[in-house]
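**Student:** Next one to model:
(chains A and B)
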Amino acid sequence: MVSSPFNILVIEPGDADARELSSLLDSCAPLDARGESGPESRAMDVAVRVVGSVPAALAAFDCIRPHLLVFGPHAGAAPEPRSVHQLRARAGMEPVPVLAVLDEHALPADGVGAGCDDVLRRPYNRHLVRLKLVALRRYCQFNRNLIAQCNRMRRSQSDLLKEQAGAQEIFRNMGRESCLEQTDAIRYHLSPRAVLNGDVLAAAWAPGGKLMLLLGDFTGHGLAAAVGAVPLTSIFYSMVPKGFTLSQIARELNLKLHLVLPRSMFCCAVLLELDPRKQHLRVLNAGMPSACLCRAGGGIQMLESRHLPLGVVRWLNLEEAVQYVPLEPGDWLYLWSDGIHEARGPSGELFGEERLLATIRNAFPAARFERILAEISRFSVGQQDDLSLVELSLDQITAETVEIGEPLPDPPGTGHFGDWSFGVTLAAEDLRQMDPVPLMHRVLAQFPESGRLRDTLSIVLGELFNNAIEHGLLQLDSSLKRSEHGFGEYYRRLESGRRQLQDGWIRIRLSSCRAGGDCGLLVSVSDSGPGLPARTGAANAYSGRGLALLQSICRRVEWQPGASEVRALLSWEQEENSPWEREGAPAKV
Amino acid sequence: MLMFEQTASRVSTQLSDGGEALTIRIDGNFDFNLHSEFQRAYRDCNPAPKSYSVDLSDTRYLDSAALGMLLLLRDHSLEGQDDGGQRHTVELVNANDHVAKVLAVSNFDKIFTIR
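**Tutor:** Next comes the predicted model:
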C-alpha cells in the first residue's frame, strides 16, 4: 500500500546537478522499512521538487510541506546559516531534517557547521542514499506521530479544564445555599479548586437555632471526586432545615454515598451539630483528621475519627462514634482536611499534625486562623493549594442566633382555623430510630400562622421528647452529666439504651386554642415510664439547662415529679416574645 | 511535554502451598500508581484463596486511593464466599507508624483484621 509521498525539496541552481540529484532521489522509491510492522513500515513513494534558490524554497515551502530539505552541490558547498535557519523556522513545530551535498574531499563540518543535520557525499552511492532516506522517513514519521499525540492531549486537556471550570461554577452556586457567609463566627479557607480535590464544606441552620456543618473529603481528585459532592450537599441542605438529627442525616448521607459511589471511593467527613443554647456540640468524625477544640482555658481536646468514612459500609454504627462535648464560653473549634498534614516543605518533609498543634497553641485565639495559614504557606513556600481549614468561634455563634430562624411564610388563603389538635404515639420500634420533630413540623406547616413557631416548636418538642426518652423510658440519671467524662458516658448510655428499647411508648399531642386564657399551642408529651424523677440538686454547667430553656420560651411549663406527662404552652405571638429576648428572664412555672 | 513517572513500588504475591492463603506484599508507596498491579495480584487466582493477607512491612506510605484498593480486595474476598458462608478474611499486617495511623483514622480495623 502506498500512502502520501515523502516530500523532498531540493535547492540547486545548476540544471544538470539538479537533474542528477532529482533522479537519484526518485530512484530510491519506494521507501519501506523492512522488518517493521505498523503504519511506519508501509512503503512510501518519493516526491522530489527542485527550486533554484533559498527565496524560491521559502516561497514554495507551504505548498510542498517537505519532509526533507536538500542543499544541492552548488548550494550545499556553502549554505548560509541564516537560510537554513529561515527554512527550519518555516516548518514550525515539525522538525524537517536538512542535508547538504558535499564533494568527496570537502569537510563535512562545512555543511553541518551551517546548521545542516547531515551530508550526502558525491559521487553518490545510491544504496547509502536510500538507507539514509529510509532512516529519515522513520524519524519524520515518529515526529509526526508525537506531534499528533501532543495535539490530541492538548485538546483533551483544554476540554478537561473547560469541564472542570463548569463543575467549579456549579459547586460555587450550590455553595450559596450555605450559611457560611451569614456569620462572622465561621471562617474558612478552601482552595478555588477545592471541589476538584474532593473537599466539600456545607453549613446550614437547623430549626431551633442549631448549626450543622459538614466538612468532607472524597477520595481521589478531579471530576470523579467532585460528583460525589452533589448528592452529599443536596441531601445535607434538604435535611438540615427540616430538623432531622445529626444521626439521621449521617445515615442518609452514608447510605446514598454507599449506593452511588464506586466501591473504591468513599468520603471522609466531619459532621457536627452545635446547639448554642444548650452549649453543646455533637461531632461525628468519620475518617477525617481529628477536629481540634481549643478550650477557653487553654486546653486542647482532639475529636478523633471514630467511624469508617461515609459510603464504605451500608449501615453506620453511630452508637460509639458520635461524640458529645459540653462547651464553655470562649471555646474555638478547628476542622481541617489532610491537605494540611500533607503540605510538604522544599525538602519533601511533611507539615504534620504536631507542627499544626504547636502553631495553634502559640497563637492568640483571634489570630490563630491567619497564623495557621501563614505557617503552612511559609513551610511549603506557597506551593500548597489543596488545604481546607474551618474555624468556628463557638461564642459568636451563640450571640448571633438572634438573626436566624426566619419564619416560614404562612400557607396561602389563611384565616383563623380555630381549634385543632392532633397526636401521634410512637412505640418502641419507632423510638429506636425515629425523631418526631421533622414529622411534627410537616403537619404543623399546614396550619396558618404556624411558620413563626417553627424554631420554638423545634426546641420545645426536642426537649420534651428527649426528656421522655432519657428520663421517662430509660431513667437516665442527669447527675452523671456533671463531669466532662460523665457527659460523654451519659450519651453513650442514651444511644445504646435507645437502640435496645423493647417496649414502651411516647405520645405527642399538639393542640391549638385560639381564644381564652389558654390561647396558644399546647404541646404535651407523655410516656409509658414509671414517672419522671424529682429534680435532684441544682443545675450545673452540663445539665439542667433543658428546663430553664423551656421556661424561658414557653408561657407555661407544667410538670409533676412522679408523673409521666409534661405540658408546655407556647404563645402564638412569638415575635414579641422571641425566645432570644426572653432568655434570662425569670422562670414562669 | 508529557512525563512518565516511574514508581519504584512493587506488588509481589505468594500463594501458600495448598493455595488457600494469598499474601500480597507492597514495597514502597502504596498509591494510585499501583492500581492495576494490585488488582492483578488477586484477580487471577483460581480457585480463589480463602484468606488474603496484605503485608505492609515494606510499605512506606499509603494514601486514600490505596484504602479504596483495599476495599476492592475486601469486596472481591466477600464475593468468593460460596462455600456455605465460610468467612473469607482480609488481614493487613506489619504496618509502619504512618500507615497504621492512616488505617486507624479511617477506622479500617472495623472491616479488616489488622495485626
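**Student:** C-alpha from now on. contacts and neighbour counts both.
**Tutor:** OK.
**Student:** Low-confidence ranges, the stretch 101-250 of chain A, go.
**Tutor:** A:109-113 (pLDDT under 70).
**Student:** again, 50 this time
**Tutor:** Residue ranges of the stretch 101-250 of chain A with pLDDT under 50: none are present.
**Student:** Up against chain B, what does it have?
**Tutor:** Counting by C-alpha under 8 Å from any C-alpha of the partner chain, the residues of the stretch 101-250 of chain A close to chain B are A:150, A:219-220.
**Student:** Apply 10 Å and report the result again.
**Tutor:** A:150, A:153-154, A:218-221 (C-alpha under 10 Å from any C-alpha of the partner chain).
**Student:** Buried subset of those residues, written for PyMOL?
**Tutor:** To isolate in PyMOL the members of these that are buried, counting by 16 or more other C-alpha atoms under 10 Å in any protein chain shown, one can use:
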select buried, chain A and resi 218+219+220+221
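**Student:** Show me the residues of the stretch 101-250 of chain A next to chain B that map onto helices.
**Tutor:** Assignment to helices by DSSP state H places the following of these there: A:150, A:153-154.
**Student:** Throw the residues you listed into CSV and include distance to residue A:176, thanks.
**Tutor:** Listed next are those as CSV, based on distance: C-alpha to C-alpha, whole Å:
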residue, distance to residue A:176
A:150, 39
A:153, 35
A:154, 33
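**Student:** Among those residues, which one lies nearest to chain B?
**Tutor:** Nearest to chain B among those is residue A:150, at 7.7 Å by C-alpha to the nearest C-alpha.
**Student:** List phi and psi for the closest residue to residue A:512 other than its chain neighbours.
**Tutor:** With C-alpha to C-alpha, 6 or more residues apart in numbering or on different chains as the criterion, residue A:512 has its nearest non-adjacent residue at 4.6 Å, and that residue is residue A:521. With angles defined as degrees, to the nearest 10, residue A:521 sits at phi -110, psi 120.
**Student:** By proximity to chain B, which residue of the stretch 351-500 of chain A wins?
**Tutor:** Residue of the stretch 351-500 of chain A nearest chain B, by C-alpha to the nearest C-alpha: residue A:352 (11.0 Å).
**Student:** separation between residue A:201 and residue A:357?
**Tutor:** As judged by C-alpha to C-alpha, to the nearest Å, residue A:201 and residue A:357 stand 22 Å apart.
**Student:** Give me the helices and strands touching the helix or strand harbouring residue A:251, please.
**Tutor:** Secondary structure from DSSP states H and E places residue A:251 in helix A:246-260. Helices and strands touching helix A:246-260, by 3 or more C-alpha pairs under 10 Å, 6 or more residues apart in numbering or on different chains; DSSP states H and E, are strand A:210-218, helix A:229-239, strand A:267-275, strand A:280-286.
**Student:** Pull it out as CSV, backbone CA atoms only.
**Tutor:** Extracted in CSV, the C-alpha atoms of helix A:246-260 (Å, rounded to 0.1, in the frame of the first residue of the first chain):
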residue,chain,number,x,y,z
LEU,A,246,-27.3,14.5,63.2
SER,A,247,-27.6,10.7,63.2
GLN,A,248,-30.4,10.7,60.7
ILE,A,249,-28.5,13.0,58.4
ALA,A,250,-25.3,11.0,58.7
ARG,A,251,-27.2,7.7,58.0
GLU,A,252,-28.8,9.2,54.9
LEU,A,253,-25.6,10.7,53.6
ASN,A,254,-23.8,7.4,54.1
LEU,A,255,-26.4,5.2,52.5
LYS,A,256,-26.7,7.5,49.5
LEU,A,257,-22.9,7.5,49.0
HIS,A,258,-22.7,3.8,49.6
LEU,A,259,-25.3,3.3,46.8
VAL,A,260,-23.8,5.7,44.2
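**Student:** List the buried residues in that helix.
**Tutor:** Neighbour-count burial for helix A:246-260, counted by 16+ other C-alpha under 10 Å, picks out A:246-258.
**Student:** now do stretch A:83-90
**Tutor:** Result for stretch A:83-90 [16+ other C-alpha under 10 Å]: buried residues A:83-84, A:87-88.
**Student:** so who does the residue most central in space within chain B touch?
**Tutor:** Centroid check for chain B by C-alpha atoms, centre = their mean gives residue B:54 as the closest residue, at 4.4 Å. By C-alpha atoms under 10 Å, 6 or more residues apart in numbering or on different chains, the contact set of residue B:54 is B:13, B:22-26, B:70, B:73, B:90-95, B:114.
**Student:** elements contacting the longest strand seen in chain B?
**Tutor:** Ranked by number of residues, the top strand in chain B under DSSP state E is strand B:21-30. Applying 3+ C-alpha pairs under 10 Å, 6+ apart, we find strand B:21-30 packed against strand B:10-15, helix B:35-43, strand B:51-55, strand B:59-62, helix B:64-79, strand B:89-93.
**Student:** Strands of the stretch 401-550 of chain A, start to end?
**Tutor:** A:420-427, A:505-513, A:520-527 (DSSP state E, counting those that start in this stretch).
**Student:** circling back: present the helices and strands packed on strand B:21-30 as a markdown table; the columns should include mean pLDDT and distance to residue A:559.
**Tutor:** Formatted as a markdown table, these follow (pLDDT from 0 to 100; distance: least, C-alpha to C-alpha, whole Å):
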| stretch | mean pLDDT | distance to residue A:559 |
| --- | --- | --- |
| strand B:10-15 | 89 | 68 |
| helix B:35-43 | 89 | 63 |
| strand B:51-55 | 93 | 60 |
| strand B:59-62 | 89 | 57 |
| helix B:64-79 | 89 | 53 |
| strand B:89-93 | 91 | 55 |
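**Student:** Which of those sits closest to residue A:241?
**Tutor:** With C-alpha to C-alpha, the closest approach to residue A:241 among those belongs to helix B:64-79: 32.1 Å.
**Student:** Show me what counts as buried in the closest one.
**Tutor:** B:64-74, B:76-78.
**Student:** quick revisit: select, out of the helices and strands packed on strand B:21-30, the one closest to residue A:396.
**Tutor:** Here helix B:64-79 is closest among the helices and strands packed on strand B:21-30 (C-alpha to C-alpha), at 35.2 Å.
**Student:** how many other residues sit next to residue A:53?
**Tutor:** Neighbour count of residue A:53, defined by other C-alpha atoms under 10 Å in any protein chain shown: 16.
**Student:** Now the phi/psi pair for it, please.
**Tutor:** phi -150, psi 170.
**Student:** That one contacts residue A:70, correct?
**Tutor:** No - if you go by C-alpha atoms under 10 Å, residue A:53 and residue A:70 don't touch, sitting 11.6 Å apart.
**Student:** Mutual contacts of those two, please.
**Tutor:** Residues within reach of residue A:53 and of residue A:70 at once, by C-alpha under 10 Å, 6+ apart, are A:10-12.
**Student:** Specify which member of those is nearest to residue A:435.
**Tutor:** Nearest to residue A:435 among those, counting by C-alpha to C-alpha, is residue A:10 at 87.4 Å.
**Student:** Please tell me how far that closest one sits from chain B.
**Tutor:** Counting by C-alpha to the nearest C-alpha, to the nearest Å, the gap from residue A:10 to chain B is 33 Å.
**Student:** Please work out the angle formed by the directions of whichever strand or helix holds residue A:156 and helix A:229-239.
**Tutor:** Following DSSP H and E, one finds residue A:156 within helix A:126-175. Going by axes from the mean of the first three to the mean of the last three C-alpha atoms, to 10 degrees, helix A:126-175 is angled at 0 degrees with respect to helix A:229-239.
**Student:** chain center to helix A:126-175, what's the gap?
**Tutor:** When distances are taken as C-alpha atoms, centre = their mean, to the nearest Å, helix A:126-175 is centred 31 Å away from the chain's centroid.
**Student:** What is the subsequent helix or strand relative to it?
**Tutor:** Criterion used, DSSP H and E; the element after helix A:126-175 is strand A:186-189.
**Student:** same for that next one, what does it pack against?
**Tutor:** Strand A:186-189 packs on strand A:199-206, strand A:332-336, helix A:365-379, strand A:389-393, helix A:394-400, going by 3+ C-alpha pairs under 10 Å, 6+ apart.
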